[in-house]
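S.K.: Build me a model:
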Amino acid sequence: MSLTPFLEVSEVIAAMGGETISQCMQCGLCSGLCPWPNVGSEFRTRKLMRMGQMGIEGFESDEILYACTTCKLCQENCPRGVAIVDVVRSMRAIIAESGATPPSLRPIMGSIHSNGNPWSESRDKREAWTEGLEVPRFEEGTEYFLSVCCTSAFDPRSIAIAKAMVKILNAAGLSYGIIGNEESCCGESLRKMGDEEQFMNLAQKNINLWQGKGVKKIITTSPHCFMTYTQEYPEFGGEFEVVHYTQLLKQLLDEGKLKLNGEYAKKVIYHDPCYLGRHTEVYEEPRDLVTAAGAELIEFPKNRALSTCCGGGGGRLWMETEPEQRFSTHKIREADELGAEVLATCCPYCINMFTDSAKGENLDEKIEVKDVSEILAECL
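M.R.: Numbering: from 1, shown residues only. Prediction:
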């Protein structure tokens, strides 16, 4: 490894949004909290921070810089207030500008640029999931724009989430609609992969589209979209009233507009998605909805702000991980040991990760992996 001039690297990282890297005092708490060491990985957050501070080449590898899932567990507990996720994003932006992004992520970034989604599907197929359903269009006078994330619009497993949402919102009589094939990815994963310029262009394009349609309120099906719309789009003039669907459905339930039969008599263990929990601090509404459905709610020992990541964030959803190093595999085993019949969550990335792990562990017939919306749709 070689050493690049300290000021050159640290100043570039700071300019990209990672200015707090200089505050890191190498205490090691980040590495102690990170789930990677627990699954046998050699990745250490502290080492990554030091490599960035000192300008040591080699941090751009898949095993170091792109191992981070941006789960924010380390950042939330950092005694020096280092914005570690922003530092990682900034370091990745440097790598992306040099054209050294990992090969597995390049098709994903290219698909977002050309198709408006990361799933290499043509834009005109974005509405295909609505076939056979009564899905209203957003038009003048519609209260909510339903923002169905790319994963729930294109991925075969997660399409069920979008369909469940339509069933629930129609039953509640809510005024909502989709925009359809004009919609594009929120860009959250794109930014975490390091393509800052394309993210900014995409964000501006989405904001202009929504403002042109008269959108004021947005329902998100994905915590990744929710975080992006509430915390990052305002920087580009995107001021909207945004809710994650669990927040809205809890409100509708409390107001008596959503009625459940309360007959979901199963043991349900709830997994806190990182981007709904630590990133946006929504913890109780999903749990309230699960119990309102009639389920017996059980918890992982590490839950809420200490919840262990599924492993799909930060672009990792599209990267290979050894079976024994998959966080979702260790959590599905834990769910089985705790006697869960259903593992519930409310993030399409988490759904994909846990579904794959359940199959890999031959637990898919013993433990159902369900989005909270799917559970509620069964209980109308």
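S.K.: Name the SS class of the residue nearest the centre of the chain, please.
M.R.: Closest residue to the average C-alpha location of the chain: H224 at 3.7 Å, with Cα atoms, centre = their mean. Reduced to three states with DSSP: H, G, I helix; E, B strand; the rest coil, the structure at H224 is helix.
S.K.: now swap in L297 and tell me
M.R.: The three-state label for L297, taken from three-state DSSP, comes out as strand.
S.K.: Surely it and H271 touch.
M.R.: No: the pair L297 and H271 does not pass the contact test of Cβ atoms under 8 Å, sitting 11.9 Å apart. (Glycine included, C-beta is placed from N, CA and C.)
S.K.: More neighbours: the two, which one.
M.R.: Applying other Cβ atoms under 10 Å to L297 and H271 shows that H271 carries more neighbours, namely 28 against 15.
S.K.: Enumerate every residue touching that one.
M.R.: For H271, the residues meeting the contact criterion (Cβ atoms under 8 Å, 6 or more residues apart in numbering) are 300, 307, 310, 331, 343-345, 350, 354.
S.K.: quick check, nearest of those residues to Y275?
M.R.: Of all the contacts of H271, C350 has the smallest distance to Y275: 9.3 Å, by Cβ to Cβ.
S.K.: for the record, mean pLDDT for the one helix or strand the closest one maps to?
M.R.: For C350, the host element (DSSP states H and E) is helix 348-360. Per-residue pLDDT over helix 348-360 has a mean of 98.
S.K.: ok, now stretch 141-152?
M.R.: Regarding stretch 141-152, the rounded mean pLDDT is 97.
S.K.: Same question for stretch 288-308.
M.R.: What stretch 288-308 shows for mean pLDDT is 98.
S.K.: What is the end-to-end distance of that stretch?
M.R.: Stretch 288-308 has an end-to-end distance of 21 Å (criterion: Cα to Cα, to the nearest Å).
S.K.: ok, now stretch 135-148?
M.R.: Distance between the two ends of stretch 135-148: 12 Å, counting by Cα to Cα.
S.K.: do the same with stretch 260-272
M.R.: With Cα to Cα applied, stretch 260-272 spans 23 Å between its terminal residues.
S.K.: What does H244 show for phi and psi?
M.R.: According to degrees, to the nearest 10, the main-chain angles of H244 amount to phi -80, psi 150.
S.K.: Count the neighbours of it for me.
M.R.: Based on other Cβ under 10 Å, the number of other residues close to H244 is 27.
S.K.: Check it and give its pLDDT.
M.R.: H244 carries a pLDDT value of 98.
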